[in-house]
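Enquirer: Fold the following and give me the result.
(chains A and B)
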Amino acid sequence: MKKYNEPNILGRFGDYGGMYVSETLMPLLIDLDQSYQKIQKDKKFQKELSDLFKNYVGRPSSLHYAKNLSAYINGPKVYFKRDELNHTGAHKINNCLGQILLAKKMGKTRIIAETGAGQHGVATATVCALFGLPCHIYMGSKDIERQKPNVFRMKLLGANIIPVESGSKSLKDAMNEALRDWIKNVRDTFYIIGSTAGPHPYPKMVRDFQSVIGREAREQFLKVEKKLPDYLIACVGGGSNAMGLFYPFLNDKKVNIIGVEAAGKGPKTDQTAATMTSGTPGILHGSYSYVLQDNDGQIKEAHSISAGLDYPGVGPEHSYLKDIKRAKYYGVTDKEALSAFQLCSKLEGIIPALEPSHALAYLIKAFKNKQKGKTIILNLCGRGDKDLFTAAKAIGFDADE
Amino acid sequence: MNKLDNLPKKKILSLFMTCGFPSLSQSKKIFQEMLSHKPNIIEFGLPFSDPMADGPIIQESSKIALKSKLSTKHSLNLIKSLKKGSGNTAFVIMCYLNTIQKFGVKKFTNEIKSFVDGIIIVDLPFEEEASIKKILDKNNIHLIKLISPMTNKKRSEKLLKDAKGFVYYISATGITGSNKLDYSEINKNVSLLKKQTKTPVLVGFGIKSRKDALAISNKTKADGIIIGSALIKKYFEKNMNFKKYLSSLNKFIKQVKI
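Expert: Predicted coordinates:
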């Protein structure tokens, strides 16, 4: 069997990916790609990163057998890969540490990032504080409104938050503005992209930094269960937590891989973020991948209750995995995610973020009273503190003081 | 015949405007006004929902154009309708790749080949252009090369190997319509490009006035200038109605035509 070896040197996962940016950014991306290739072989760099993972982030994150949820489902045994226990409360920190070390190596003195839910923004602001670099975060004004706790966190960490008023005022537009900033300040600035999206080498680089999740999970699972899991489940917005879990298992053909997208008010409505269920291939933010677009190629606005999944594109590697049928992708609505959010809190004593609540909702829906004796690893990639106000409002609880 | 092959030696003027802005019918009047000045080139911007290489002014013009449900086909029909009586003015389309990709590259090329001389695809770098360039070449439509201050000598040599029409030199490492101009840096870089290619080199991004236009002509080896944001900006000035806008355009174009 052919071993999985994507992307190629041009950053192609099959047809997807590539580098669709203006000539101002091209020389920089080529430079970034070369620097990234170098540090992959640099033992000192890798040691520095793994020390930070261990002592700053608190890795390895645990693999928790969700006994109560498993009993409730009455189907497979469910394990949570608990990346919500990481410092800053989500998986995003893994990638930010990798990229800021690289930025330092490249001599960059100014950091920019985009954020949706604010988790990537918080993680970026955190590593900037740690390394003493100025940090500018682009965030849609709609997201600033619905993720206030994270906005305050970023400010405490010393970051400058730049509200984005264009378009749908969410993640997509924040990324447009961050790219514009980068074009303008190309000489001194490093752009820490938070997802497996954007032009090459980002989708590969972010996946590699996040794949610590899957490597740990694989090892931990083998240790307790003495075999590989039957299923992996993770939520997909841009797709970084999912690629992080999936990647180390791609050559394990017996492991079934499932990505769960946010279908908002429903995959057939106009208010969805389920790119691979409702979208078609196109070019957004520098790469060729599935996108939500109209007949003229204008990008549509996405909708999801979860700011982290509210994105009309998806990482190119997911598009490839979908097309070659190595992974399957399903949509889950706001409503379903919200009830999984509550159920998980009650059953396991873990308040999940709204993003992995989508993965939980799919798990409950698809496996209830089915597949007994099988095993699942679900990536619990973020905790729900940041979503308390959004969830309270949606559930109808008055959380104001 | 491709009009871009017969550009004059010096003082080439290229004017950019977003198609369908502020509305389809008013857009036609704007382009007619521009054409009446007989510029060497008109660049027709096809509005895109996510113009990541454009500054706030062009972004806003695209947004306004798209609000009126402007389609790619509307824009192409508009350009086509201006062809008759365009004299020596070359027509160039400036757009993002997704617009063409969604339309279908072959279909798009067939559609435009009778009235378009060149095309600038903002987010299509050299590394990704091969298959599209082949189709454009076959139909005698020039794929315009963009060069930025970040492009080094080795890279520009590779990029300009078979440059046709003109070379678009981005004068600042900024997005369209931003940053101040540094003439000595522009001259240094343009002089290098002039050694690498016989194709005219035009300077774009950030040219706002007659003073800028004269400075580029006098202080640098550039063959001409591209003006975009500055043409659109006037529309957003206080108490501006469409009639006033057209006459301010008229005045401005006369000033920058040196």
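
Enquirer: all contacts plus neighbour counts: C-alpha atoms, from now on.
Expert: OK.

Enquirer: Give me the residues contacting stretch A:8-20.
Expert: Stretch A:8-20 has contacts (Cα atoms under 8 Å, 6 or more residues apart in numbering or on different chains) with A:6-7, A:26, A:199-201, A:203-204, A:283, A:285-289, A:315-317, A:319-320, B:123-125, B:127-128.

Enquirer: Show me which of those residues are buried.
Expert: Neighbour-count burial (16 or more other Cα atoms under 10 Å in any protein chain shown) is assigned, among these, to A:7, A:26, A:199-201, A:203-204, A:283, A:285-289, A:315-317, A:319-320, B:123-125.

Enquirer: Now do the same for the spatially most central residue of chain B: helix, strand or coil?
Expert: For chain B, the residue nearest the mean C-alpha position is residue B:43 (3.9 Å; Cα atoms, centre = their mean). Three-state assignment for residue B:43 (DSSP: H, G, I helix; E, B strand; the rest coil): strand.

Enquirer: just for the chain, where's the confidence low?
Expert: Went with chain A since none was named. Judged against pLDDT under 70, the low-scoring parts of chain A cover residues A:1, A:400-401.

Enquirer: look at chain B instead
Expert: When residues are selected by pLDDT under 70, those of chain B lie in B:173-180.

Enquirer: which stretches of it form strands?
Expert: Counting by DSSP state E, the segments of chain B that form strands are B:12-18, B:41-45, B:90-95, B:118-121, B:142-143, B:145-147, B:167-170, B:201-204, B:224-227.

Enquirer: Quick check: residues of chain A near chain B?
Expert: Within chain A, the positions lying close to chain B (Cα under 8 Å from any Cα of the partner chain) are A:18-28, A:173, A:176-177, A:179-180, A:183-186, A:282-286, A:295-299.

Enquirer: Only the buried members of those residues: can you turn that into a PyMOL selection?
Expert: In PyMOL, the members of those classed as buried (16+ other Cα under 10 Å) are selected with the following command:
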select buried, chain A and resi 18+19+20+21+22+23+24+25+26+27+28+173+176+177+179+180+183+184+186+282+283+284+285+286+296+297+298+299
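
Enquirer: What about the residues of chain A next to chain B, which are in strands?
Expert: Judged by DSSP E, these include A:282, A:283, A:284 as members of strands.

Enquirer: Surely residue A:373 and residue A:78 touch.
Expert: No: the pair residue A:373 and residue A:78 fails to qualify as a contact (Cα atoms under 8 Å) at a distance of 10.4 Å.

Enquirer: Tell me which of those two has more neighbours.
Expert: When neighbours are counted by other Cα atoms under 10 Å in any protein chain shown, residue A:373 and residue A:78 differ, and residue A:78 comes out ahead with 24 against 10.

Enquirer: and that one, backbone torsions?
Expert: Torsion angles at residue A:78 (phi, psi; degrees, to the nearest 10) stand at phi -110, psi 130.

Enquirer: which ones are touching the spatially closest residue to it that is not a sequence neighbour?
Expert: Distance criterion Cα to Cα, 6 or more residues apart in numbering or on different chains; nearest residue to residue A:78, sequence neighbours excluded, is residue A:376 at 4.9 Å. When contacts are counted by Cα under 8 Å, 6+ apart, residue A:376 touches A:76, A:77, A:78, A:79, A:229, A:230, A:231, A:232, A:233.

Enquirer: which is the next helix or strand following the host helix or strand of residue A:376?
Expert: In this structure, residue A:376 is located in strand A:375-379 according to DSSP states H and E. Next in sequence after strand A:375-379, counting helices and strands by DSSP H and E, comes helix A:388-395.

Enquirer: How about that following helix, which residues are buried there?
Expert: A:388, A:389, A:390, A:391.

Enquirer: Could you list the alpha-carbon positions for that helix in PDB?
Expert: Presented in PDB, the C-alpha positions along helix A:388-395 are these (Å, rounded to 0.1, in the frame of the first residue of the first chain):
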ATOM      1  CA  LEU A 388     -20.500  30.600  28.500                       C
ATOM      2  CA  PHE A 389     -22.200  33.800  27.500                       C
ATOM      3  CA  THR A 390     -23.100  32.600  24.000                       C
ATOM      4  CA  ALA A 391     -24.400  29.300  25.300                       C
ATOM      5  CA  ALA A 392     -26.400  31.000  28.200                       C
ATOM      6  CA  LYS A 393     -28.000  33.300  25.700                       C
ATOM      7  CA  ALA A 394     -28.900  30.400  23.300                       C
ATOM      8  CA  ILE A 395     -30.200  28.300  26.100                       C
END
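
Enquirer: Please state the backbone phi and psi of whichever residue of the stretch 1-150 of chain B sits closest to chain A?
Expert: Checking the stretch 1-150 of chain B residue by residue against chain A with Cα to the nearest Cα singles out residue B:123 as nearest, at 4.3 Å. Main-chain torsions, residue B:123, degrees, to the nearest 10: phi -110, psi 30.

Enquirer: show me what contacts it?
Expert: Counting by Cα under 8 Å, 6+ apart, residue B:123 makes contact with A:20, A:21, A:22, A:23, A:286, B:96, B:97.

Enquirer: of all those residues, which comes closest to residue B:168?
Expert: residue A:23 (10.5 Å; Cα to Cα).

Enquirer: for the closest one, what are its contacts?
Expert: Remark: with contacts taken as Cα under 8 Å, 6+ apart, residue A:23 is in contact with B:122, B:123, B:125, B:146, B:147, B:148, B:150, B:151.

Enquirer: Number of residues surrounding the first one?
Expert: This means residue B:122. By other Cα under 10 Å, 21 other residues sit near residue B:122.

Enquirer: Please tell me I have it right and it contacts residue B:97.
Expert: Yes: the criterion here is Cα under 8 Å, and residue B:122 meets it with residue B:97 at 7.3 Å.

Enquirer: buried sites along stretch A:318-333?
Expert: Buried, per 16+ other Cα under 10 Å, within stretch A:318-333: A:318-322, A:326-333.

Enquirer: Including secondary structure and distance to residue A:115, could these go into JSON lines?
Expert: Converted to JSON lines, the buried residues of stretch A:318-333 look like this (DSSP: H, G, I helix; E, B strand; the rest coil; distance: Cα to Cα, whole Å):
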{"residue": "A:318", "secondary structure": "helix", "distance to residue A:115": "20"}
{"residue": "A:319", "secondary structure": "helix", "distance to residue A:115": "22"}
{"residue": "A:320", "secondary structure": "helix", "distance to residue A:115": "25"}
{"residue": "A:321", "secondary structure": "helix", "distance to residue A:115": "25"}
{"residue": "A:322", "secondary structure": "helix", "distance to residue A:115": "25"}
{"residue": "A:326", "secondary structure": "coil", "distance to residue A:115": "29"}
{"residue": "A:327", "secondary structure": "strand", "distance to residue A:115": "26"}
{"residue": "A:328", "secondary structure": "strand", "distance to residue A:115": "26"}
{"residue": "A:329", "secondary structure": "strand", "distance to residue A:115": "24"}
{"residue": "A:330", "secondary structure": "strand", "distance to residue A:115": "24"}
{"residue": "A:331", "secondary structure": "strand", "distance to residue A:115": "22"}
{"residue": "A:332", "secondary structure": "strand", "distance to residue A:115": "22"}
{"residue": "A:333", "secondary structure": "strand", "distance to residue A:115": "22"}
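
Enquirer: residue in the stretch 151-300 of chain A nearest to chain B?
Expert: Closest point on the stretch 151-300 of chain A to chain B, by Cα to the nearest Cα, is residue A:184, at 3.9 Å.

Enquirer: returning to that earlier point: which one of the buried residues of helix A:388-395 sits closest to chain B?
Expert: Taking Cα to the nearest Cα as the measure, chain B lies nearest residue A:390 of the buried residues of helix A:388-395, at 27.6 Å.

Enquirer: Quick one: residues contacting the closest one.
Expert: Contacts for residue A:390 were tallied using Cα under 8 Å, 6+ apart; they are A:146, A:147, A:305.

Enquirer: At which residues are the helices of the stretch 251-400 of chain A located?
Expert: A:275-278, A:316-323, A:334-348, A:354-367, A:388-395 (DSSP state H, counting those that start in this stretch).
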